[in-house]
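Chemist: Mind folding the following:
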Amino acid sequence: MSDESLRRTSLYEQHAALGARLVPFAGWEMPIQYKGISFEHQAVRERAGLFDVSHMGELELRGDKALELVNSLVTNDIARAADGQATYTCCCNEQGMILDDLIVYRRSAWALLVVCNASNRAKIAGHFAAAARAVCDFEDVSDGTALLALQGPRALGILSQAGISLDPSTVTTFRFAPGTIAGIQCLIARTGYTGEDGVELFCAWDDAPALWRALLEAGNTYGIEPVGLGARDTLRLDARLSLYGNEIDETTNPLEAGLAWVTKLDKPPFVGQRALRSIKENGLRRRLVGFEMTGRGIARHGYPLLDTQGVPVGHCTSGGPSPTLGKSIGLGYVPLASSALGTELLVDCRGKKIPAQIVKTPFYKRT
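Modeler: I've put the predicted structure just below:
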């Protein structure tokens, strides 16, 4: 039964017509699956999948100090990015703990788009708005912006079939450009959250249903499938992509979360920089690792991780069966001394201690 307090994207009627199972997620009524999580997961790996991610937050900052302002709030160095380049980054508090992970789209030094997680929209919008006051223009454009993700090895072919105004192959990884698809104005970004090639498409809220239908029709001969948040989660786990509220939150810092690569401690000052320098100098106490189950069992968020003597050493942040790999995998925090590849662990699966082993990540990488 629908909860009337939940928000719906402009694609709600499309999801309902396709028989999606709709569930509450971050204040929204969203499709968790259509034909099944494993089926949709494999469709993205082998062909293409279309996602509605319009619940995400979009924030625009404009003005001659916009770049400087955004750069002061994130760990990566947006000043080093080119116009038309997207940058993955973290936004931290003064203690160096993660408020959210973001993608910053640099249109120019005077115009930037920041995309945040749905669950953190109010927090991040408030954080950026407060910092921007009297410095540059700030606008939360989330309510007028829809976001679709087309992911998989056949994604670019589907874009061409749908009628795209530019050669999609010219928009290279983590670059973006304005254009039209099926006559609909879009911002076309070569980004995603699945470990596959593909694009994320920003358009006006009311244009999303027409764009959704056009892409499904164009993808018919390519084997496209609509994909829910369930497969989005298994796909990102394969690729070792962090999920806010699981791997990262306000109790974790980017260095222990494996995000040192987006944390430029030598860039101009940013919020949390001093704390993160101190954390690095003093040495990490724990680290996020990937593991695979060597016994019969499935790791889930929150399950305790134990050493081989049964002593608790950490916890699982995400876990489940991988349809691609045919095995159960997981991510979790363990002490630095217990984080080496090959280290044996036990996962406390509701009282049953199931063997696991720390392995190299990402678990899956496309060839």
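Chemist: Please tell me how far Thr221 sits from Gln95.
Modeler: 52 Å (CB to CB, to the nearest Å). Every C-beta, even on glycine, is put in place using the N, C-alpha and C of the backbone.
Chemist: between the two, which one's more packed in?
Modeler: Gln95 (15 against 11; other CB atoms under 10 Å).
Chemist: Please name the residues that touch the more buried one.
Modeler: Neighbour list for Gln95: 272, 275 [criterion: CB atoms under 8 Å, 6 or more residues apart in numbering].
Chemist: Okay, and it sits in which element?
Modeler: Using DSSP states H and E, no element contains Gln95; it sits outside every helix and strand.
Chemist: Contacts only, for Phe128.
Modeler: 59, 61, 70, 73, 114, 138.
Chemist: By neighbours, which of these wins?
Modeler: Among the contacts of Phe128, Val70 has the most neighbours (other CB under 10 Å), with 28 neighbours.
Chemist: Just want the phi and psi numbers for that residue.
Modeler: The main-chain torsion angles of Val70 are listed as degrees, to the nearest 10 and equal phi -60, psi -40.
Chemist: what's the answer for Phe176, then?
Modeler: Recorded main-chain torsions at Phe176 are phi -150, psi 160, according to degrees, to the nearest 10.
Chemist: Apart from its chain neighbours, what residue comes closest to it?
Modeler: The shortest distance from Phe176 to any non-neighbouring residue, by CB to CB, 6 or more residues apart in numbering, is to Ala189 (3.8 Å).
Chemist: number of nearby residues for that neighbour?
Modeler: Around Ala189 there are 24 other residues, counting by other CB under 10 Å.
Chemist: Against Lys352, how distant is it?
Modeler: 43 Å.
Chemist: Pretty sure Tyr222 sits against Ile158.
Modeler: Yes. Checked against CB atoms under 8 Å, the pair Tyr222 and Ile158 is within contact range at 5.3 Å.
Chemist: any idea whether the nearest residue to Ala182 once chain neighbours are set aside is helix, strand or coil?
Modeler: Counting by CB to CB, 6+ apart, Ala214 is the residue found nearest to Ala182 once chain neighbours are left out, at 3.6 Å. Using DSSP: H, G, I helix; E, B strand; the rest coil, the structure places Ala214 in helix.
Chemist: Tell me the pLDDT of Ala214.
Modeler: At Ala214, the pLDDT value in this model is 98.
Chemist: what's the answer for Met1, then?
Modeler: Confidence per residue is given as pLDDT, and for Met1 that number is 40.
Chemist: again, but for the one 4 residues further on
Modeler: At Ser5 the predicted local confidence, pLDDT, stands at 90.
Chemist: In three-state terms, label it for me.
Modeler: Put simply, Ser5 is coil when judged by three-state DSSP.
Chemist: Which SSE is immediately downstream of the helix or strand in which Asp233 is found?
Modeler: Using DSSP H and E, Asp233 maps to helix 229-238. Using DSSP H and E, the next helix or strand after helix 229-238 towards the C-terminus is helix 273-282.
Chemist: and whatever helix or strand comes next after that next one, which strands flank it?
Modeler: Per DSSP H and E, helix 273-282 leads on to strand 286-293 as the next helix or strand towards the C-terminus. Strand 286-293 sits in its sheet next to strand 327-335 (antiparallel), strand 352-359 (antiparallel), going by DSSP bridges.
Chemist: buried set for the first one?
Modeler: Buried residues in strand 327-335, counting neighbours by 16 or more other CB atoms under 10 Å, are found at 328-334.
Chemist: What is the distance between stretch 305-316 and the centre of its chain?
Modeler: 28 Å (CA atoms, centre = their mean, to the nearest Å).
Chemist: again, but for stretch 267-279
Modeler: For stretch 267-279, the distance from its own C-alpha centre to the chain's C-alpha centre is 24 Å (CA atoms, centre = their mean).
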